[in-house]
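>>> Dropping a prediction and its sequence here:
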Amino acid sequence: MDVVHDLYAWMIAWADSPYAVPALFLLAFAESSFFPVPPDVLLIALTLSKPEWGMYYAAVATAGSVLGGGLGYGIGWGGGRPLFKWLIGEARMMAVHENFQRYEAWAILIAGFTPVPYKLFTIGAGAFYINFKIFMLASLCSRGGRFFLVAGTLALFGPWMKDLLERYFNLFTILFVLLLIAGFVFVRHQGKVMQRS
């Protein structure tokens with residue numbers, strides 16, 4: 001636990017550095033394939049220090065994360081299947097593969113937005129041969145949605161929102177995903193109704 005706390009402190013220290021923006025990009029890149037701490041920590045610190053730059057910081061985090069997701073995909077494509085087979089066994093690996101194939105875009109969209117470790121899905125997407133273009137587009141939408149929401153909320157409401165975000169971020173993301181799914185179900189239902197009429 002001390003290691004994670006030290007990593008958080010180390011990340012926040014970058015906010016006062018002249019290299020804060022490259023650090024945000026690199027941390028977002030690394031977190032998508034191997035680094036354990038999400039880039040939101042540095043994104044929040046930077047946005048609070050310069051709210052008017054919040055959207056720029058969100059764009060930097062998004063670019064780093066999506067490109068890092070591409071690296072995670074490559075890691076999975078190159079050696080992910082033997083790793084998953086060793087970790088969870090062949091039968092479970094095939095079940096995961098089937099679910100990835102069935103829900104490819106949804107899995108990436110939800111994972112990229114929620115607190116679920118995104119690196120598991122980037123590596124899994126490569127290991128289970130998800131279409132790379134779909135993977136990158138879903139990553140762009142989900143990671144961009146997450147980072148722009150965080151930066152936009154902080155820029156709009158100020159420092160008091162930081163505590164609220166940190167305390168209830170998991171709940172906010174779950175509610176957002178549920179609303180997103182409900183919206184797609186509604187649109188699909190309306191499409192069927194219109195086809196019948």
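Thanks, I have the structure now.
>>> May I see the buried residues of the helix or strand containing Ala45?
Ala45 is located in helix 40-49, with elements delineated by DSSP states H and E. For helix 40-49, burial by neighbour count (16 or more other CB atoms under 10 Å) applies to 40-48. C-beta: built from backbone N, CA, C; applies to glycine.
>>> can you tell me which of those lies nearest to Met93?
Minimum distance to Met93 across those is 30.6 Å, recorded for Asp40 (CB to CB).
>>> Grab the nearest non-local neighbour of that closest one.
With CB to CB, 6 or more residues apart in numbering as the criterion, Asp40 has its nearest non-adjacent residue at 5.8 Å, and that residue is Val150.
>>> my guess is that neighbour meets Leu42, correct?
No. Under the criterion of CB atoms under 8 Å, Val150 makes no contact with Leu42, lying 11.1 Å away.
>>> measure the nearest residue to Gln101 once chain neighbours are set aside to Gly74 for me?
In this structure, Gln101 finds its nearest non-sequential neighbour in Phe128, 6.7 Å apart by CB to CB, 6+ apart. According to CB to CB, to the nearest Å, Phe128 and Gly74 sit 14 Å apart.
>>> So between these two, which is more surrounded?
Phe128 (22 against 16; other CB atoms under 10 Å).
>>> which ones are touching the more buried one?
Residues near Phe128 by CB atoms under 8 Å, 6 or more residues apart in numbering: 76, 80-81, 96-97, 100-101.
>>> which parts of stretch 130-141 are buried?
For stretch 130-141, burial by neighbour count (16+ other CB under 10 Å) applies to 130, 135-136, 138-141.
>>> From those, pick the one nearest Tyr56.
The shortest approach to Tyr56 among the buried residues of stretch 130-141 belongs to Leu140, at 16.8 Å (CB to CB).
>>> list the contacts for the closest one?
62, 66.
>>> Now name the helix or strand holding it.
Leu140 belongs to helix 132-157, assigned by DSSP H and E.
>>> nearest to Gly68, of the buried residues of stretch 130-141?
Closest approach to Gly68 among these (CB to CB): Ser139, at 9.3 Å.
>>> how about the closest one, what does it touch?
Contact analysis of Ser139 by CB under 8 Å, 6+ apart lists 65-66, 69, 108, 112, 122.
>>> one more time with 10 Å, if that's ok
Contact partners of Ser139, counting by CB atoms under 10 Å, 6 or more residues apart in numbering, are 32, 62, 65-70, 72-73, 108-109, 111-112, 118, 121-122, 125.
>>> Go through those and flag which are in helices.
By the criterion of DSSP state H, membership of the contacts of Ser139 in helices covers 62, 65-70, 72-73, 108-109, 111-112, 118, 121-122, 125.
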